[in-house]
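Trainee: From the sequence below, what's the structure:
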Amino acid sequence: MLIIHVHAHVNPEDIDAFSRAAVENARDGIGEPGVVRFDVLQQMDDPTRFLLVQAYRDEDVAVRHQETDRYARWQDMVAGMMAEPRTSVRFSSVFPADEGR
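Mentor: Residues are numbered from 1 along each chain as shown. Okay, the predicted model is just below:
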């Protein structure tokens, strides 16, 4: 399993718009085959900071996700909302939380 944490720092005036766009992207993304999880988290002590947690069955699923038209539209939509460039960190699963379910 591949888990990606995307860190986004948005402009204060774009918090609501970014949140709506991120939730829409997550709702659409979770329906893609092989997408296990897609969370949108907002930092409590700094609402301009978001964490998108994405879990994919494997690397190929993540690549297919980033090749969708929907993903390209989302990137274009939020590009101007960023206070700084998004960053991401990739993880491999040591113990999958869904194991045995």
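
Trainee: which of the residues in the top helix by length along the chain are buried?
Mentor: Identified as the longest helix of the chain according to DSSP state H is helix 15-29. For helix 15-29, burial by neighbour count (16 or more other Cβ atoms under 10 Å) applies to 15, 18, 21-22, 25-26, 28-29. Quick note: C-beta positions are derived from backbone N, CA and C, even for glycine.

Trainee: I'd like the next helix or strand past the host helix or strand of residue 38.
Mentor: Per DSSP states H and E, residue 38 falls inside strand 35-42. The C-terminal neighbour of strand 35-42 among helices and strands, as given by DSSP H and E, is strand 49-56.

Trainee: Neighbouring strands - and their directions - for that next one?
Mentor: Partner strands for strand 49-56, per DSSP bridges, with pairing direction: strand 2-10 (antiparallel), strand 35-42 (antiparallel).

Trainee: Next up, the contacts around residue 18.
Mentor: Contact analysis of residue 18 by Cβ atoms under 8 Å, 6 or more residues apart in numbering lists 8, 10, 50, 78, 81.

Trainee: Let me see the contact set for the first one.
Mentor: Under the criterion of Cβ under 8 Å, 6+ apart, the contact partners of residue 8 comprise 18, 22, 49-52, 78, 82, 86.

Trainee: Check residue 51 too.
Mentor: Taking Cβ under 8 Å, 6+ apart as the definition, contacts of residue 51 comprise 5-8, 39, 41, 43.

Trainee: repeat for residue 35
Mentor: Shown in contact with residue 35 (Cβ under 8 Å, 6+ apart): 29, 54-57, 61, 65.

Trainee: same thing with residue 76?
Mentor: Counted by Cβ under 8 Å, 6+ apart, residue 76 has zero contacts.

Trainee: did I read that right, it in a helix?
Mentor: Yes: remark: residue 76 belongs to a helix, assigned using DSSP: H, G, I helix; E, B strand; the rest coil.

Trainee: With residue 54 as the reference, measure out to residue 30.
Mentor: Taking Cβ to Cβ, to the nearest Å as the measure, residue 30 and residue 54 are separated by 9 Å.

Trainee: Residue 86 now?
Mentor: When Cβ to Cβ is the yardstick, residue 86 and residue 54 sit 12 Å from each other.

Trainee: Understood, closing this out.
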